[in-house]
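Participant: predicted model, plus sequence, below.
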Amino acid sequence: METINISFIKLKTKIVDSYTETKTGWRGKDVNWKDLINVVSNSKVQYSMTEWRNGFKTPKNWSNPNQQAICLDLDDGMTIAEAQKRFNRYTYCLATTKSHQQLKKGVRCDRFRIIIKAINVSNDSNVYFKSLSLFSPENDTQTLTKTASFLGYDDAIVIEPPAFVIVTLL
């Protein structure tokens, strides 16, 4: 069975955007790719493709030696249909967010995350974040920080195409 390693924290309530409430208690876990839907569609889970040493989410504790996927956060600038076409040669899981097609900052659009299987992900944070921004310039810049994490969403629309190529992010 194919797995990816994620970091996660279980929340006491649904959807918490407060950094202070999710600063500690992060754990690593291998998740079967087919079970990733249970992570992205659970409002009581916050997740990341990277790790934080000692489960303490701070920039200096950022680490990614076990990273096997990347996560893009697309808030506008790309529709779901465009993402499906653009990333169709990769193995991915696409999940809408709580603000998908909701009026936010005067804009109603597709808002979603796309998790793409990856190998050879650079452990050098400068190379990693530059590669991520080049791979998808539309990616929300919040994901280009060492404390980036994502909230699951109970009502997420999840799309998983057949498995294809795994991206190499050096």
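Facilitator: Nice, thanks for sending it over.
Participant: now do the contacts for the residue positioned nearest the centre of the chain.
Facilitator: When C-alpha atoms, centre = their mean is applied to the chain, the residue found nearest the centroid is residue 71 (3.2 Å). If a contact means C-beta atoms under 8 Å, 6 or more residues apart in numbering, then residue 71 has 48, 49, 113, 114, 115, 116, 143, 148, 150 as its contacts. No exception for glycine: its C-beta is placed from N, CA and C like everyone else's.
Participant: in which helix or strand would I find it?
Facilitator: strand 69-74 (DSSP states H and E).
Participant: name the strands paired with that strand and say parallel or antiparallel.
Facilitator: Its sheet considered, strand 69-74 pairs with strand 112-119 (antiparallel) by DSSP bridges.
Participant: the strand it pairs with: how far from the chain's middle?
Facilitator: 7 Å (C-alpha atoms, centre = their mean, to the nearest Å).
Participant: next SSE downstream of it?
Facilitator: In N-to-C order, the element after strand 112-119 by DSSP H and E is helix 125-135.
Participant: now the helix or strand that comes right after that following helix, how far from the chain's geometric center?
Facilitator: With elements assigned by DSSP H and E, the helix or strand that comes after helix 125-135 is strand 150-151. Distance of strand 150-151 from the chain centroid (C-alpha atoms, centre = their mean) equals 7 Å.
Participant: what's the answer for stretch 115-134, then?
Facilitator: Distance, centroid of stretch 115-134 to centroid of chain: 12 Å (C-alpha atoms, centre = their mean).
Participant: would you mind listing the buried residues in it?
Facilitator: 115, 116, 117, 118, 121, 122, 125, 128, 129, 131, 132 (16 or more other C-beta atoms under 10 Å).
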